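# This is a predicted model, with the sequence first.
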Amino acid sequence: MFQKILRHKIAVTISLLALIGLGWLMVRSLPASETEVRRAACLVEGSVSVCLVSSQDTVELTSDSVHQQGVWINRHWWMASCDGRVLTVGPTSRLRLSEVPAICDSLSSLLNRKETERKELIYYLRSHGVIDEGYTQIATYANRQSKMTDSLKLKLRNLQRVCPLVSDKTGKHFKLGKKSRLILKADYRVSWYNNGNKLKHVNCDPVYTPLTAKAYPLILHTHRSVKPWGVYAVRNVPWGAAEHRKIVTVRLVPNDTVAPFHSIIVSGKYWQGHNHDLPALFAVDGAPVFTKHGRFIGIINGKEVLP
């Protein structure tokens with residue numbers, strides 16, 4: 001008798017746990033509401049640099065600013081697991097390793113012209129006997145030009161550590177080391193609006209990736225161990241939606257205080273494997289894309305939707 005009661009209690013407990021688990025999964029699989037769609041988007045700003053790496057030397061070649069969007073995202077769809085993670089479009093560059101020697105040669109020629117110009121400016125300032133408004137303007141320019149020339153000289157000197165000037169039968173030219181490679185270094189800052197509609201910021205861990213010209217989804221790890229209060233983290237459920245779907249995206253507008261949560265929702269259409277037809281003004285790289293029912297499907301990159 002006691003064993004039957006015990007087995008009955010165990011069966012009831014297992015059934016209750018299964019029902020609770022099923023109910024939890026159903027709740028977690030629900031699509032986002034309009035407010036949650038607006039709260040999911042965030043601003044991603046920073047800089048992306050192309051760096052030349054050889055042995056233990058790393059030299060920055062180019063640097064560009066980044067102004068795009070992102071979306072707070074959970075690690076697992078079935079549980080709250082954002083942990084301060086943001087999904088956005090990863091850094092890209094079309095620069096090729098074979099172009100580096102030509103860049104060094106161009107910088108060397110530019111430095112020679114700047115050095116000549118600096119000498120001419122120094123000679124003019126020394127020989128000019130009258131200090132007037134024109135003299136003052138030229139002196140200001142000469143000071144700025146000298147600083148720019150010194151900065152260029154330092155850049156070229158650092159670059160020559162990994163791409164030295166060599167002489168052979170063909171003459172003098174810059175030559176890369178055998179183990180030289182290009183990488184991308186990105187520093188990002190994520191911004192969002194809290195429950196009080198105030199703009200908040202947090203920095204992200206630096207991102208180092210191999211050089212690529214193809215866009216891809218990138219997870220940023222912010223300096224927060226938990227999701228900020230007031231934002232919504234999307235989740236990728238294992239089942240998808242129909243291939244032909246009506247979609248919406250979110251454009252954040254920091255200067256607009258009328259739009260709810262500083263965001264504008266724009267609708268369009270998307271066919272899987274094809275381009276979307278969202279207006280270019282509102283289709284910001286990294287902006288989240290949802291179905292019209294609130295199911296998250298990816299982020300924008302140009303005319304593409306990256307899953």
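Sure thing, it's come through. Numbering: from 1, shown residues only.

# List the buried residues of stretch 115-123.
By neighbour count with 16 or more other CB atoms under 10 Å, stretch 115-123 contains the buried residues 118, 121. Every residue, glycine included, has its C-beta placed from N, CA and C.

# which residues touch that stretch?
For stretch 115-123, contacts defined as CB atoms under 8 Å, 6 or more residues apart in numbering pick out 138, 141-142, 145-146, 149.

# If we use 10 Å, what do you get?
With CB atoms under 10 Å, 6 or more residues apart in numbering as the test, stretch 115-123 has contacts from 138-139, 141-143, 145-146, 148-150, 152-153.

# Switch those residues over to JSON lines; also include secondary structure.
Formatted as JSON lines, the contacts of stretch 115-123 follow (DSSP: H, G, I helix; E, B strand; the rest coil):
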{"residue": "138", "secondary structure": "helix"}
{"residue": "139", "secondary structure": "helix"}
{"residue": "141", "secondary structure": "helix"}
{"residue": "142", "secondary structure": "helix"}
{"residue": "143", "secondary structure": "helix"}
{"residue": "145", "secondary structure": "helix"}
{"residue": "146", "secondary structure": "helix"}
{"residue": "148", "secondary structure": "helix"}
{"residue": "149", "secondary structure": "helix"}
{"residue": "150", "secondary structure": "helix"}
{"residue": "152", "secondary structure": "helix"}
{"residue": "153", "secondary structure": "helix"}
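
# can you pull out the strands in this structure?
Shown for the chain, the strands assigned by DSSP state E span residues 41-54, 57-72, 85-89, 165-168, 171-174, 181-193, 199-203, 207-210, 217-221, 244-252, 263-271, 288-291, 296-301, 304-306.

# right, so of those, which gets closest to residue 11?
Closest approach to residue 11 among the strands of the chain (CB to CB): strand 296-301, 37.7 Å.

# Got a quick PyMOL command for the buried subset of the contacts of stretch 115-123?
Restricted to buried positions by 16+ other CB under 10 Å, the PyMOL selection for the contacts of stretch 115-123 reads:
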select buried, resi 142+149+152
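
# Between the contacts of stretch 115-123, which sits nearest residue 62?
Proximity of the contacts of stretch 115-123 to residue 62 (CB to CB) peaks at residue 152, which lies at 14.0 Å.

# That closest one is in contact with residue 110, isn't it?
Yes: with contact defined as CB atoms under 10 Å, residue 152 and residue 110 form a contacting pair (6.7 Å).

# if we can go back for a sec, how about the contacts of stretch 115-123 in CSV, adding pLDDT and distance to residue 181?
Listed next are those as CSV, based on pLDDT from 0 to 100; distance: CB to CB, whole Å:
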residue, pLDDT, distance to residue 181
138, 89, 44
139, 89, 44
141, 93, 39
142, 92, 39
143, 94, 38
145, 94, 34
146, 94, 34
148, 95, 29
149, 94, 30
150, 95, 29
152, 92, 24
153, 92, 25
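
# Looking at the contacts of stretch 115-123, which is nearest residue 114?
In terms of CB to CB, no member of these lies closer to residue 114 than residue 149, at 4.3 Å.

# in stretch 164-173, what's buried?
Buried residues in stretch 164-173, counting neighbours by 16+ other CB under 10 Å, are absent.

# what's the spacing between it and its chain's center?
39 Å (CA atoms, centre = their mean, to the nearest Å).

# Endpoint to endpoint, it covers what distance?
One end of stretch 164-173 sits 8 Å from the other (CA to CA, to the nearest Å).

# Need the contact partners of that stretch.
Against stretch 164-173 from outside (CB under 10 Å, 6+ apart): 101-102, 104-105, 108, 156, 174-177.

# Flag the least confident of the residues you listed.
Among the contacts of stretch 164-173, residue 177 has the lowest pLDDT, at 78.

# coming back round to it: mind putting the strands of the chain into a markdown table with distance to residue 4?
Formatted as a markdown table, those follow (distance: least, CB to CB, whole Å):
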| stretch | distance to residue 4 |
| --- | --- |
| strand 41-54 | 56 |
| strand 57-72 | 50 |
| strand 85-89 | 49 |
| strand 165-168 | 89 |
| strand 171-174 | 87 |
| strand 181-193 | 57 |
| strand 199-203 | 58 |
| strand 207-210 | 61 |
| strand 217-221 | 52 |
| strand 244-252 | 53 |
| strand 263-271 | 58 |
| strand 288-291 | 50 |
| strand 296-301 | 48 |
| strand 304-306 | 57 |
